[in-house]
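S.K.: compute the structure for the input listed below.
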Amino acid sequence: MLERSVPSQIQFSRRDDAAHVLFRDYETRGVLPLGKVGVHRYAADPRTEVLCCAFAVDDQPVKLWTPGDAIPVEFREAAANPNWIVVAHNASFEIAIEELLLAPRYGWPMIPVERQRCTLAMAAASALPGRLETLADVLELSRRKDVGGHRLMLAMSKPRKAHKDEDPNQIYWFDDPERLQRLYAYCTNDIETERELYQHLQPLSPTEQAIWSLDVRINSRGFYLDQALALAAQKLAAAAAPEIDAELAEITGGVVTGVNQIARLQAWLREQGCAAESLDRKSVAALLKTELPPPVQRVLELRQDGGQAAVKKVAALLDRVGSDGRVRGSFIYHKASTGRWAGTGPQPQNLKRPEIDDVDAAITAVATGDYYHVRSLYPRVLSLLGDLGRSLICAAPGHVLIGADFGAIESRVLAWVAGEEWKLEAYRQYDATRDPRDEPYCVLAARMLHLPEGTTTPSTRERAFGKTGDLACGYQGGEKAIEKFAPSLFNLAEREQIKTEWRAAHPAVCKFWYAVDHAAWTAVQQRGRVMRCGPVAFKCYGNFLFLKLPSGRKLSYPFSRPKLLDPQHGAVVFADSSDGQFRECRNGDGAYAGLWTENVVSGIARDLLAEAMLRLEAAGYPIVLHVHDEIVCEVPDGFGSTEEFTQLMIRKPAWALDLPIAAKAWTGKRYCK
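M.R.: This next block holds a predicted model:
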């Protein structure tokens with residue numbers, strides 16, 4: 001249960017200077033499953049229909065439009081008048097419906113995305129839950145979501161089953177007059193709720209509004225899919241899976257009949273003397289590096305091959321591809337509390353990096369669609385298909401992909417916010433020389449292992465001490481974090497050594513950990529006081545703790561309060577929606593220094609990426625994909641250059657002029673990096 005020390009409703013002052021605000025909400029029905037195919041393919045399908053539109057201007061009464069009515073004058077005015085803005089909850093849905101359904105069928109006026117506002121995005125930027133029903137409860141709105149109406153809407157949005165006396169080959173709906181009237185009332189109530197919600201939420205800053213608008217355009221643009229290769233891969237996967245399961249059943253004597261029967265697999269492995277806490281890709285790969293009996297080895301190989309989650313993404317990509325060969329709607333704005341994006345549908349952020357050396361040869365083999373031919377060349381067929389997941393994304397005819405990612409951005413940002421000067425100089429040196437001996441992981445490894453400078457190179461095992469330490473220890477990680485990043489690579493003594501030596505090499509970072517935790521704690525204890533910590537600052541306002549980043553953007557921590565863990569130690573507890581729920585962070589144990597540090601670094605890295613995205617778009621590089629700290633654009637053949645692209649990526653914002661930033665661009669027909 002969330003504890004609230006002050007009333008939960010916080011009336012933020014409006015900063016929109018629009019003459020009028022138009023609220024609208026559409027109810028639709030369609031044959032395609034919206035969650036599976038995404039809103040763009042759903043809206044473009046000729047069988048999808050709009051059942052009604054509820055709308056209101058400012059605080060005026062809610063009106064209703066249904067097909068056959070004239071286009072409301074309010075929509076024509078909103079489209080023509082630059083002083084109007086329009087609002088919806090999850091506005092991307094309304095925009096897609098207007099662009100792909102209402103405009104071509106009814107001549108519906110289109111409103112520029114720059115004058116759109118989304119209460120879902122506003123809620124996400126304040127770290128509040130996204131569901132309208134939950135938001136109304138959390139903010140204690142006078143208008144609440146009509147739960148019964150929501151169930152009715154779900155039933156009416158998809159075809160019903162045919163009755164016994166009906167032709168099963170026809171499409172039937174729940175659309176009797178009584179249900180339609182109930183749906184209209186539900187839609188009208190949603191407008192009332194969304195309008196009140198809009199008045200309670202902090203609007204996006206002008207910069208964030210521009211970033212959200214860019215996100216809408218990127219999702220609408222989509223990326224091009226090699227459908228022929230995807231269909232061939234899907235055919236091969238269908239042929240490979242039964243063979244894998246059959247062999248698995250034979251080896252285990254029928255105890256395990258499928259690679260995804262995790263509990264059965266773990267039980268069988270224990271009986272063979274091989275305990276496995278996890279059977280994910282990294283854990284299985286680590287086990288396969290150890291000495292194992294041949295049957296156990298083969299079972300783990302089958303699990304590794306058949307458990308390729310990347311193969312499932314082929315189907316997800318094909319589900320969302322439109323008639324023009326593009327996959328749309330793959331990114332979610334401000335999904336993480338730090339502002340970073342997440343993926344939806346095929347989730348391109350999680351596509352596996354290829355491990356094979358010759359990607360082009362593998363593509364040629366898979367394109368044949370001949371399972372036995374591919375298996376003769378690549379015994380682990382499903383693993384091969386997982387390696388080609390990124391290659392399915394390609395440039396449209398007459399175009400080329402160009403992209404780049406920031407180099408070691410979180411390590412650089414952590415050193416910058418903490419003032420770890422030796423490390424910043426190491427990055428500057430490496431950026432200037434590109435000498436492998438100057439690579440910061442090598443420099444760090446030499447420090448940690450007390451070796452002479454320049455003796456550690458990327459080809460030596462010692463470098464792994466520096467790289468693993470940097471990846472695992474920056475946010476107060478220890479032995480468990482090191483094992484997670486590098487399963488079975490180091491023994492317990494080495495893991496303890498990595499933790500100890502990494503911390504010894506980073507005194508400023510360790511000092512920052514405790515300083516940022518103290519600043520957050522003090523800000524919650526002394527509400528209204530600004531607590532600075534290096535380039536960031538905390539302040540409590542009402543129920544919210546805000547963390548101001550160097551860019552000026554604020555991270556939000558709702559319902560923050562201090563909690564004593566014991567007589568000497570306390571923590572800030574806040575409501576966290578990062579796992580899809582809205583409950584006290586870390587099950588009520590509250591934040592700790594590593595979490596605050598991670599939020600600071602992740603938030604700054606996100607701001608650097610977002611600003612680079614805006615620059616690239618302004619320079620004529622249309623973004624089709626962004627993955628963590630990487631941006632991929634699709635440009636006409638002959639347009640631009642990797643040199644210009646790199647410079648646009650690494651241009652420093654005014655708030656981080658002394659932060660060393662590096663990136664390296666690439667170009668090609670496929671996304672194979």
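S.K.: under the pLDDT cut-off, which ranges of the chain? List them.
M.R.: Counting by pLDDT under 70, the chain has low-confidence residues at 1-16, 307-310.
S.K.: at the geometric centre of it, which residue sits there?
M.R.: residue 342 (0.9 Å; CA atoms, centre = their mean).
S.K.: show me the contacts for the closest residue to it other than its chain neighbours.
M.R.: Closest residue to residue 342 in three dimensions, ignoring its sequence neighbours and counting by CB to CB, 6 or more residues apart in numbering: residue 335, at 3.4 Å. All C-beta atoms are positioned from the backbone trio N, CA, C, and that covers glycine. Listed by CB atoms under 8 Å, 6 or more residues apart in numbering, the contact set of residue 335 reads 124, 341, 342.
S.K.: are we agreed that the first one is in a helix?
M.R.: Meaning residue 124. Yes. Assessed with DSSP: H, G, I helix; E, B strand; the rest coil, residue 124 lies in a helix.
S.K.: residues in contact with the closest residue to it other than its chain neighbours?
M.R.: Computed as CB to CB, 6+ apart, the closest residue to residue 124 that is not its neighbour in sequence is residue 334, at 4.0 Å. Neighbouring residues of residue 334 by CB under 8 Å, 6+ apart: 121, 124, 125, 212, 340, 341.
S.K.: let's see that with 7 Å instead.
M.R.: 121, 124, 125 (CB atoms under 7 Å, 6 or more residues apart in numbering).
S.K.: so residue 276 touches residue 285, yeah?
M.R.: No. Assessed by CB atoms under 7 Å, residue 276 is found out of contact with residue 285, at 11.9 Å.
S.K.: between the two, tell me which one has more neighbours.
M.R.: Counted by other CB atoms under 10 Å, residue 276 and residue 285 do not tie: residue 276 has more neighbours, with 18 against 13.
S.K.: now the more buried one: phi and psi?
M.R.: Phi and psi for residue 276, reported as degrees, to the nearest 10, are phi -130, psi 110.
S.K.: which secondary structure state is assigned to residue 572?
M.R.: Note that with three-state DSSP, the state of residue 572 is strand.
S.K.: doesn't residue 559 make contact with it?
M.R.: No. In terms of CB under 7 Å, residue 572 does not count as a neighbour of residue 559; the distance is 10.7 Å.
S.K.: which residues touch the closest residue to residue 93 other than its chain neighbours?
M.R.: Spatial nearest neighbour of residue 93, chain neighbours left out: residue 39 (5.2 Å); criterion: CB to CB, 6+ apart. Listed by CB under 7 Å, 6+ apart, the contact set of residue 39 reads 92, 93, 96, 329.
S.K.: show me what the one helix or strand residue 414 maps to is packed against.
M.R.: Secondary structure from DSSP states H and E places residue 414 in helix 409-418. Packing partners of helix 409-418 (3 or more CB pairs under 7 Å, 6 or more residues apart in numbering; DSSP states H and E): helix 421-433, helix 507-525, helix 593-618.
S.K.: can you check what angle separates the longest one from helix 507-525?
M.R.: In this structure, helix 593-618 runs at an angle of 100 degrees to helix 507-525, with axes from the mean of the first three to the mean of the last three CA atoms, to 10 degrees as the basis.
S.K.: list the buried residues in stretch 43-54.
M.R.: Using 16 or more other CB atoms under 10 Å as the burial criterion, the residues of stretch 43-54 that qualify are 43, 44, 45, 48, 49, 50, 51, 52, 53, 54.
S.K.: please export the C-alpha coordinates of it as CSV.
M.R.: Output of stretch 43-54 as CSV, limited to C-alpha atoms (Å, rounded to 0.1, in the frame of the first residue of the first chain):
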residue,chain,number,x,y,z
ALA,A,43,-5.8,1.5,-38.7
ALA,A,44,-4.8,1.0,-42.3
ASP,A,45,-6.8,-2.3,-42.6
PRO,A,46,-10.0,-1.7,-44.7
ARG,A,47,-12.0,-3.8,-42.3
THR,A,48,-11.3,-1.5,-39.4
GLU,A,49,-14.1,1.0,-38.6
VAL,A,50,-14.6,3.9,-36.2
LEU,A,51,-17.8,3.5,-34.2
CYS,A,52,-17.8,6.9,-32.6
CYS,A,53,-15.8,9.9,-31.5
ALA,A,54,-16.4,11.8,-28.3
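S.K.: hmm, back to that, contacts for the helix holding residue 414, please.
M.R.: Taking CB under 7 Å, 6+ apart as the rule, helix 409-418 contacts 423-424, 427, 470, 474, 508-509, 512, 534-536, 600-601, 604-605, 608, 629, 659-660.
S.K.: repeat for stretch 434-451
M.R.: Outside stretch 434-451, the residues that reach it (CB under 7 Å, 6+ apart) are 408, 423, 426-427, 429-430, 452-458, 462-463, 465-467, 469-470, 501-502, 505.
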